[in-house]
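Asks: generate coordinates for the sequence data below:
(one chain, ligands or ions: 1)
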Amino acid sequence: MIDLPDDVRRRTAEQICRRLRDAGFRALLAGGCVRDLLMGISPKDYDIATNARPEEVANLFPRTIPVGAEFGVLKVVCPEGIFEVATFRTDGPYEDGRRPSFVKFSDEIADAFRRDFTINAMFLDPETNEVLDYVGGKQDLQMKIIRTVGAPEKRFEEDYLRLLRAVRFSARLDFQIDSVTEEAILKYAANIVKTSPERIREELVKILTEGNARSGFELLDRTELLPHLLPEVSAMKGVTQPAEFHPEGDVFTHTLLMLEFMQNPSVTLAFGVLLHDIGKPKTWSLGDRIRFNNHDKIGAEIAAEICARLRMSNRETERIVWLVKNHMKLPRVLEMKESKRKRFIREEGFPELLELGRLDCLASHRSLEVIRQIQQYISEQKQETLRPAPLLTGNDLIALGYKPGPVFTEILDRIEDAQLEGIVQTKEQAVHFLRQHWPSP
Ligand code: CTP
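Replies: Numbers count the residues shown, from 1 in each chain. Got it, this is the predicted structure:
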């Protein structure tokens, strides 16, 4: 879907409200979009809250998707995008960690009081532009405070994901968590595991990619959520490193610094950064100096377990594991055999690995010399020297009398290596190379 300018989406959300109003219902912009508009941020989504029941909403719009009609939520599909329209409600507890066990349709005041944080519990009446704030959200927004609506225990018991949401909003908006709310987070931290892994992953992704990831992870640590969510990351705390390579301190400190330096990272880069040294706690050893032998390999195994636990997609898992496994190769790229180097550089994940390496340097000895040299090498390469068209194919080998089999892959790879190293440049040279190394077809 194209990213329409904000005012178009806002206008559409307002039109949806108007249609509901014209049919005799109350309809307001609700939750996160009101918070963002008041902060001058452009909202990612516009959610609408109404006293119309889902079936009544469905009757008013040509295309709707009943995402959670039993919970009063329906999506209205417009050419400008998809808008969530939710009936004013109070929620029962989220017993399965995914959905409230029941909902009761109610009015807007009760709907405000079922929401998580005061800054997320305001409405905006698009007809009058009036902000309807029943919970002190405006003041908390001004004072930059994340505070639950009412008793934190009750709000967290309803949905433990809110423990993590508090951290996310605090980090992303650079707000303080109110002390009573933070005490309750500490008290309930262990309950975070009762939430579904998919919802936890979505929150972690947002903490890692939406800015201020370092604050997010410091806060996860301070609120004691981290050992329950990612015990392997918690284990990096206090793991000492050789000062000559890591003057910044222990493995956790180093990782936090890298999180701080990330700029608009992809999900896979962000997780790659978070997990690149995840193998260090298990491989720490002290001989001539502190060493972490094989931490990349062990780390890749741990990263795979974490990705599986968080139900990451196969594509994301593969990339994250690849980044962890290969991050130690970067300093030696320029010493590699040319064919190996070129094959490595043309791997799909290489640009992310290079960025990870840049952050790794910045967060330790701070010299970017190696990264610059690799960038320089890449800039000197032409597409045809990195990915030359094959000089011989399997069919050529058959035509030359060779019998198809697994050896074909080996032969073609070796010929490509020779080509990448500039040893063979033409088809004739490739045939000559073939006859030399595999004389009998
Ligand atoms: N909400 C809640 N409890 C939750 C999730 C959501 O009370 N566990 C309410 C909040 O009022 C929130 C609204 O539902 O503002 C919409 O939720 P969501 O889209 O998840 O968050 P946003 O506040 O819109 O934040 P973001 O900008 O990150 O999407």
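Asks: show me where the stretch 1-150 of the chain has its helices.
Replies: Listed in chain order, the helices of the stretch 1-150 of the chain (DSSP state H, counting those that start in this stretch) span residues 6-22, 32-39, 54-60, 108-113, 137-143.
Asks: so which of those helices is nearest the ligand?
Replies: Shortest separation from the ligand across these is recorded for helix 32-39, at 2.2 Å, computed as CB to the nearest ligand atom. Backbone N, C-alpha and C define where each C-beta goes, glycine included.
Asks: would you mind pulling up the elements that the closest one packs against?
Replies: strand 123-125, helix 137-143 (3 or more CB pairs under 8 Å, 6 or more residues apart in numbering; DSSP states H and E).
Asks: could you export these as JSON lines, including distance to the ligand and mean neighbour count?
Replies: What follows is the helices and strands packed on helix 32-39, written out as JSON lines (distance: least, CB to the nearest ligand atom, whole Å; neighbours: other CB atoms under 10 Å):
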{"stretch": "strand 123-125", "distance to the ligand": "10", "mean neighbour count": "22"}
{"stretch": "helix 137-143", "distance to the ligand": "10", "mean neighbour count": "17"}
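Asks: any chance of these in JSON lines, plus mean pLDDT?
Replies: Putting these into JSON lines (pLDDT from 0 to 100) gives the following:
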{"stretch": "strand 123-125", "mean pLDDT": "97"}
{"stretch": "helix 137-143", "mean pLDDT": "98"}
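Asks: give me the below-cutoff pLDDT ranges for this protein.
Replies: Counting by pLDDT under 70, the ranges of the chain that qualify are 1-5, 94-98.
Asks: for Gln429, find the nearest of the helices of the stretch 1-150 of the chain.
Replies: Gln429 sits nearest to helix 6-22 of all these, at 59.0 Å, using CB to CB.
Asks: ok, residues contacting that closest one?
Replies: Applying CB atoms under 8 Å, 6 or more residues apart in numbering, the set of residues contacting helix 6-22 from outside is 26-29, 33, 42-43, 46, 48, 50, 52, 57, 60-61, 76, 78, 80-81, 83, 85, 126-127.
Asks: what subset of the residues you listed is buried?
Replies: For the contacts of helix 6-22, a burial check counting by 16 or more other CB atoms under 10 Å picks out 26-29, 33, 43, 46, 48, 50, 52, 57, 60-61, 76, 78, 80-81, 83, 85, 126.
Asks: restrict stretch 139-147 to CA atoms and write it as PDB.
Replies: Listed next in PDB are the C-alpha coordinates belonging to stretch 139-147 (Å, rounded to 0.1, in the frame of the first residue of the first chain):
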ATOM      1  CA  GLN A 139      -1.300  16.700  31.900                       C
ATOM      2  CA  ASP A 140       0.800  13.600  31.800                       C
ATOM      3  CA  LEU A 141       1.600  14.300  28.200                       C
ATOM      4  CA  GLN A 142       2.800  17.700  29.200                       C
ATOM      5  CA  MET A 143       4.800  16.400  32.200                       C
ATOM      6  CA  LYS A 144       6.100  13.500  30.000                       C
ATOM      7  CA  ILE A 145       4.800  10.800  32.300                       C
ATOM      8  CA  ILE A 146       3.700   7.200  31.600                       C
ATOM      9  CA  ARG A 147       1.100   6.400  34.200                       C
END
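Asks: what residues does that stretch touch?
Replies: 35, 38-39, 117-119, 136, 166, 169-170, 173-178, 180-181.
Asks: among those residues, the buried ones, what's the PyMOL command?
Replies: Restricted to the buried members of these, where burial is judged by 16+ other CB under 10 Å, the PyMOL selection command reads as follows:
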select buried, resi 35+38+117+118+119+136+166+169+170+173+175+177+178+181
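Asks: quick check: Asn293 touching Ser285?
Replies: Yes. Checked against CB atoms under 8 Å, the pair Asn293 and Ser285 is within contact range at 6.7 Å.
Asks: next step: the contacts of stretch 139-147 restricted to strands.
Replies: Using DSSP state E, the subset of these located in strands is 176-177.
Asks: contact residues of the chain facing the ligand?
Replies: 31-32, 44-45, 47, 115-116, 120-121, 159, 161-162, 165 (CB under 6 Å from any ligand atom).
Asks: so of the residues you listed, which two are at opposite extremes in space?
Replies: Across those, the two members that end up farthest from each other (CB to CB) are Lys44 and Asp159, 20.1 Å apart.
Asks: more neighbours: which of those two?
Replies: Asp159 (20 against 11; other CB atoms under 10 Å).
Asks: residues of stretch 301-315 that come out buried?
Replies: Neighbour counts using 16+ other CB under 10 Å place 302-304, 306-307, 310, 312 of stretch 301-315 among the buried residues.
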